[in-house]
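Novice: Build me a model from this:
(chains A and B)
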There are 2 protein chains.
Amino acid sequence: MAEIPAENLQRLCLGLLSIRGVRSDVALHVARGLVQASLRGVDSHGVRLLPHYLRALEAGRLNPDPTYGYERTTPSTGRLDGDHTFGHAAGAEGMGRAIEMARESGMGAVSVYNSSHFGAAAYFGLMAAEQDMVGLSLTHADSLMLTHGSKRAYFGTNPICFTAPCSGEGPFCLDMATTSVTWNKLLQVSGDGGPIPQGWGVDEDGKDTQDSQRIRALHPIGGYKGLGLAMMVDVLCGLMTGMPFGRDISTMYKGPIEEKRYLGHFFMAMRVDGFVPLEEFKGRMKQMMDHVRSEPARDSAVAVQVAGDPEKRAERERRQKGIPLSGVELEELRSLAGRYDVGFPELI
Amino acid sequence: MAEIPAENLQRLCLGLLSIRGVRSDVALHVARGLVQASLRGVDSHGVRLLPHYLRALEAGRLNPDPTYGYERTTPSTGRLDGDHTFGHAAGAEGMGRAIEMARESGMGAVSVYNSSHFGAAAYFGLMAAEQDMVGLSLTHADSLMLTHGSKRAYFGTNPICFTAPCSGEGPFCLDMATTSVTWNKLLQVSGDGGPIPQGWGVDEDGKDTQDSQRIRALHPIGGYKGLGLAMMVDVLCGLMTGMPFGRDISTMYKGPIEEKRYLGHFFMAMRVDGFVPLEEFKGRMKQMMDHVRSEPARDSAVAVQVAGDPEKRAERERRQKGIPLSGVELEELRSLAGRYDVGFPELI
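Specialist: Numbers count the residues shown, from 1 in each chain, chains lettered A, B, ... in the order given. From the prediction side, this is the model:
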């Protein structure tokens, strides 16, 4: 394992994307999004995805030079055609429009269509929080959540990210799959097909399994509740965008890599001062965070945390020490960097 | 057990509220909200709560003749002072304003403050869906959700209700507590202190218990995820309203019944045609519902359901047969009706 400074990884990502013809504004969002996820300890959605994205780019799934089509339909709603570019870039364009509308009208919501995998939902939610707004960032994903009462999956791991600005520290940021774990987390834990913890998912007969090779669907949180939340996400990301939904959503890894994914996302931003004075809100947000953290711990050795705390701690550590990459991940990046001559080994 | 026609129960509720001086527009929302919940099989939030509300009214907790203060702060946001009336009425006023703004600006969100218990969140979410809008209805509640990693509760059972219009049947309606069960459900199941199922909650030492008398906190769904969702709800309902939050929220049953509750709610409505053509959306919503229902069942005797299906079935049955009331519930209503001479026994 090696620990690489975030700046270097970001330059490496940018270099690799640029040399493959990805437009600079698009490349910047992809590089920032991947490195932010890695910094925040969300390795499943971090730089380890870059080789996959580059393959998808080369195969024609991803458009390096998109023409965004944007239609503002009302003072606070709009639709964005992502033109099949990287979801990171289409998503950031969408959230940017939502923030603009919120500034003007109090709230803004944008549905993004013709998009692709957007990485970690937090990247977009945090954009709103940085503007002192409350943010919501959603995407649907290919069918992987066990339908409560069924033997197989219909909805994806459909994440929900909610953010709010806070005094004295980074925003409150809840970013959660509606399944007990994400698929990328499973890939990361199982490595090349190793076992996974009990209770994560089921095989093709709908039976619980710890064999990552045989797993076909992941349990929703709270049974019918997690299923309902995933359905809400697909209503907003599949139906409100006109994109495919449920089992018709293309897969990230299994389908032909040259095929476009036709994914949809949904972003919302809301001005805090449309409701209460901003500084009062941020101060009370901080109080709420600190109250929860100071609740009596079940295990005295493990402090109570609020959503986003593990990511904040990881970011503090990794900004200092660098982002840890496994030997395999490092080798993959090295080989890419070597192939395209983008300044390796200076960078990693 | 007796089965009472919904119309009769609604007239009885209206009669009892009116005779106690509750203004007609307020009484109508309370009566409709309670009977709708009972019709939909959500007995925990139905007419069985009426005696409690009447006690709270008599004690001065609830204002029978509120002066709503409304401030529209931007084209799509506003704040409503509920003036301590029934949450059903303050909530309906708030959602009504959100719908008006959405009609004009695409989206509308209203935070409601100085309110009280609002019953089932679905009452407000369904208002938006009936206007062919997507709706979101949230309330915080007093501290009852076990904090993940802690021994006790900080947030309430903080429900999330999301609705969307659908062709050929009633709206999609997800209405879920972020705990595994609601407190009112627990009261209903345990009756006068009987045992409850394993895994619902913990005692004052944070240990699992099936003794409803000793239970102090209910498990969140999905561990830290349910905790995060409940926190999101309190950010919107406690912080965005300026109301107390977390452990500072007054209790429904334990505190002095004359004290006002200072609850907050949050409502959002969004025009579907701000994103896609309405009829296309509603048709695809219906497809999604039917797809999920036709997924292969784990147990061939139990069909797969989507959120809201049990409520739709209950409503069909109860519109025909009437709303079932236990002997105790019936006696309580009879005694109230007798005391105030509002047309019993013709009504029940």
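
Novice: Quick one: residues in contact with stretch A:37-50.
Specialist: A:6, A:9, A:13, A:16, A:34-35, A:117, A:119-120, A:122-123, A:175, A:182, A:184-185, A:187-188, A:310-315, A:318-319, A:323, A:325, A:329, A:333, A:336 (C-beta atoms under 8 Å, 6 or more residues apart in numbering or on different chains). Glycine gets a C-beta too; all of them are placed from N, C-alpha and C.

Novice: Just after the helix or strand that contains A:A37, pick out the following helix or strand.
Specialist: Under DSSP states H and E, the secondary-structure element containing A:A37 is helix A:24-39. Tracing the chain past helix A:24-39, the next element assigned as helix or strand by DSSP H and E is helix A:50-59.

Novice: and the next element down the chain from that next one?
Specialist: strand A:69-74.

Novice: residues of the lowest-mean-pLDDT helix or strand in chain A that come out buried?
Specialist: When the helices and strands of chain A are scored by mean pLDDT, DSSP states H and E, helix A:183-190 comes last with a mean of 81. For helix A:183-190, the neighbour count (16 or more other C-beta atoms under 10 Å in any protein chain shown) marks A:183-188, A:190 as buried.

Novice: of these, closest to B:R284?
Specialist: A:W183 (24.9 Å; C-beta to C-beta).

Novice: List buried residues within the contacts of stretch A:37-50.
Specialist: The buried subset of the contacts of stretch A:37-50 - by 16+ other C-beta under 10 Å - is A:6, A:9, A:13, A:16, A:34-35, A:117, A:119-120, A:122-123, A:175, A:182, A:184-185, A:187-188, A:311-312, A:314-315, A:318, A:323, A:325, A:329, A:333, A:336.

Novice: Can you check what angle separates the helix holding A:A37 from helix A:50-59?
Specialist: Here the directions of helix A:24-39 and helix A:50-59 differ by 150 degrees (axes from the mean of the first three to the mean of the last three C-alpha atoms, to 10 degrees).

Novice: Pull out the buried positions in helix A:24-39.
Specialist: Quick answer for helix A:24-39 (16+ other C-beta under 10 Å): A:26-39.

Novice: Save those as JSON lines, and put in pLDDT too.
Specialist: Shown next, in JSON lines, are the buried residues of helix A:24-39 (pLDDT from 0 to 100):
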{"residue": "A:V26", "pLDDT": "98"}
{"residue": "A:A27", "pLDDT": "98"}
{"residue": "A:L28", "pLDDT": "98"}
{"residue": "A:H29", "pLDDT": "98"}
{"residue": "A:V30", "pLDDT": "98"}
{"residue": "A:A31", "pLDDT": "98"}
{"residue": "A:R32", "pLDDT": "98"}
{"residue": "A:G33", "pLDDT": "98"}
{"residue": "A:L34", "pLDDT": "98"}
{"residue": "A:V35", "pLDDT": "98"}
{"residue": "A:Q36", "pLDDT": "98"}
{"residue": "A:A37", "pLDDT": "98"}
{"residue": "A:S38", "pLDDT": "97"}
{"residue": "A:L39", "pLDDT": "98"}
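
Novice: Now distance to B:Y113 too, for the residues you listed, in JSON lines please.
Specialist: Conversion of the buried residues of helix A:24-39 to JSON lines gives the following (distance: C-beta to C-beta, whole Å):
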{"residue": "A:V26", "distance to B:Y113": "43"}
{"residue": "A:A27", "distance to B:Y113": "46"}
{"residue": "A:L28", "distance to B:Y113": "42"}
{"residue": "A:H29", "distance to B:Y113": "38"}
{"residue": "A:V30", "distance to B:Y113": "42"}
{"residue": "A:A31", "distance to B:Y113": "43"}
{"residue": "A:R32", "distance to B:Y113": "38"}
{"residue": "A:G33", "distance to B:Y113": "37"}
{"residue": "A:L34", "distance to B:Y113": "41"}
{"residue": "A:V35", "distance to B:Y113": "41"}
{"residue": "A:Q36", "distance to B:Y113": "35"}
{"residue": "A:A37", "distance to B:Y113": "37"}
{"residue": "A:S38", "distance to B:Y113": "41"}
{"residue": "A:L39", "distance to B:Y113": "38"}
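
Novice: For A:L236, give its distance to A:Y113.
Specialist: 12 Å (C-beta to C-beta, to the nearest Å).

Novice: The two: who's more crowded?
Specialist: Taking neighbours as other C-beta atoms under 10 Å in any protein chain shown, A:L236 and A:Y113 compare with A:L236 leading, 27 against 24.

Novice: Model confidence for the more buried one, exactly?
Specialist: The score at A:L236 is 98. That number is its pLDDT.

Novice: Measure how buried the closest residue to it other than its chain neighbours is and give me the count.
Specialist: The shortest distance from A:L236 to any non-neighbouring residue, by C-beta to C-beta, 6 or more residues apart in numbering or on different chains, is to A:F266 (4.0 Å). The tally of other residues near A:F266 (other C-beta under 10 Å) stands at 26.

Novice: And for A:D142?
Specialist: By the criterion of other C-beta under 10 Å, A:D142 has 23 neighbours.

Novice: how much space between it and B:G264?
Specialist: A:D142 is 38 Å from B:G264, by C-beta to C-beta.

Novice: what does A:K254 give?
Specialist: Distance from A:K254 to B:G264, by C-beta to C-beta: 45 Å.

Novice: The two: who's more crowded?
Specialist: B:G264 (29 against 8).
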